[in-house]
Structure formats: structure tokens, C-alpha cells
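Trainee: Need a 3D model of the sequence below.
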Amino acid sequence: MASDPLQSRAGALAARIEALAAALRAGGVPDERSEWLLSQASAAALQALTLELLLEQSDPTSVDGFRPPVEPEPPRERRFRLAA
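Mentor: Model (predicted):
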């Protein structure tokens with residue numbers, strides 16, 4: 001479940017996007033351009049919140065359950081003949 005700080009951050013980002021929309025309307029920016037800018041801002045906000053949620057769920061200082069991405073190969077038995 002999302003934490004209160006994350007909820008707060010989501011609310012702050014939503015307020016900024018709404019303020020951007022109001023500023024674009026007040027500035028007379030064409031609708032097509034405003035829609036593009038707002039969609040980019042919304043996508044960036046969603047990505048920022050996703051990253052924060054991922055970082056909140058993982059504890060980088062914890063090594064419990066850590067497995068390297070690739071297991072090292074066990075040493076192979078050497079089979080060759082020595083010349084006499």
C-alpha cells in the first residue's frame with residue numbers, strides 16, 4: 001500500500017500539472033500544443049511516482065535474500081594426461 005509521503009507527493013505533482021494547465025490556458029497556448037505538454041508532464045509525473053514507489057519498496061542496504069544475477073560456475077575437474 002502507498003505511504004502517506006507518496007500520496008502527498010502524488011498530490012503535489014497533480015497540483016503542479018493543474019497549475020501548468022491553467023498557465024497554458026491563460027497564456028493563450030494553442031490547444032494542440034497544450035495537450036502535448038500536459039501529456040508529457042503527466043507521463044513524467046507518473047514515472048517519478050513509480051520510481052519513488054519502487055525505491056520505497058526496496059531496501060538497498062539489506063542483503064537478505066540477495067542472489068547474484070548469474071551463479072558462478074563450480075570449478076571443473078581437469079582431465080588431461082601428463083606426458084611422461
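
Trainee: Check which helix or strand the residue nearest the centre of the chain maps to.
Mentor: Geometric centre of the chain, nearest residue: residue 51, 2.7 Å, by C-alpha atoms, centre = their mean. In the assignment (DSSP states H and E), residue 51 maps to helix 31-57.

Trainee: From residue 19, how far off is the nearest residue to residue 49 once chain neighbours are set aside?
Mentor: Distances taken as C-beta to C-beta, 6 or more residues apart in numbering put residue 10 closest to residue 49, at 5.6 Å, once the chain neighbours are dropped. Just so you know, the C-beta spots here come from the backbone N, C-alpha and C atoms, and that holds for glycine as well. Distance of residue 10 to residue 19, given as C-beta to C-beta, to the nearest Å: 15 Å.

Trainee: and what of residue 45?
Mentor: 12 Å.

Trainee: can you list the weak-confidence ranges in the chain?
Mentor: 1-3, 59-69, 71-72, 76, 78-84 (pLDDT under 70).
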